[in-house]
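Novice: This is a predicted model, with the sequence first.
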Amino acid sequence: MDKMQPLQPYTEAELPKDVDISKLGKKTAGNGVNLYYRPLPQFKTPSSSVSSSMKTPRAARSRRANMPSASTPEMRSLQTELAKLRRQKQQLTERIRKCKLVETYRKSSDTKDLPTLYRSWKGVAQQALQDVAASKDGVTILDVLAHYKVEPSFVDYNPEEQEFETEE
């Protein structure tokens with residue numbers, strides 16, 4: 001019987017010689033061929049005749065016997081303290097999550113490249129402003145900045161001299 005797989009069906013010709021067919025499950029396939037298989041083991045369920053105290057492990061029963069009843073002031077204070085500790089644990093867990101998030105951000109954000117990125121952005125913005133002003137007749141760079149509500153100092157534009165300030 002150990003030579004057979006648990007749920008794999010076998011035809012009568014495929015069965016090992018030492019297998020007792022009477023102990024196997026049998027189904028008939030659509031083509032009339034009998035298929036034999038090893039049935040799944042049957043597990044016994046606990047009967048309802050077992051008392052409820054027998055279902056509870058002994059250690060749990062003894063702990064319950066030592067606990068004060070829910071209506072006593074001692075039990076209420078313990079429940080209040082438990083609720084307080086759960087809230088405190090939740091707050092600390094949230095604080096740890098936020099700290100880890102900040103730590104991850106600080107590790108991934110490299111501020112050394114920020115001045116280079118700013119100069120690059122400023123150069124592109126200045127070029128775009130010049131292109132837009134040149135494409136429209138009678139429109140100045142100051143007009144474009146005012147239209148988009150951008151302070152001239154953000155892109156180092158000097159409105160009095162009508163040119164961009166250069167860094168040295």
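Specialist: Happy to help now that I have it. Computed from a predicted model, the values in this text were never measured in an experiment.

Novice: What is the strand or helix carrying Gly123 packed up against?
Specialist: In this assignment (DSSP states H and E), Gly123 forms part of helix 114-135. Helices and strands touching helix 114-135, by 3 or more CB pairs under 8 Å, 6 or more residues apart in numbering; DSSP states H and E, are helix 141-147. Every C-beta, even on glycine, is put in place using the N, C-alpha and C of the backbone.

Novice: same for the helix it packs on, what does it pack against?
Specialist: On a contact count with 3+ CB pairs under 8 Å, 6+ apart, helix 141-147 meets helix 114-135, strand 157-158.

Novice: Just say which of those is most tucked in.
Specialist: Highest mean neighbour count of the helices and strands packed on helix 141-147: strand 157-158, a mean of 16 (counted as mean count of other CB atoms under 10 Å).

Novice: Run me through the strand neighbours of it, direction for each.
Specialist: strand 163-164 (antiparallel) (DSSP bridges).

Novice: quick one: the nearest residue to Val144 once chain neighbours are set aside from His147, how far?
Specialist: Nearest-residue entry for Val144: Val132, 5.1 Å, with adjacent residues in sequence omitted and distances by CB to CB, 6 or more residues apart in numbering. Distance of Val132 to His147, given as CB to CB, to the nearest Å: 9 Å.
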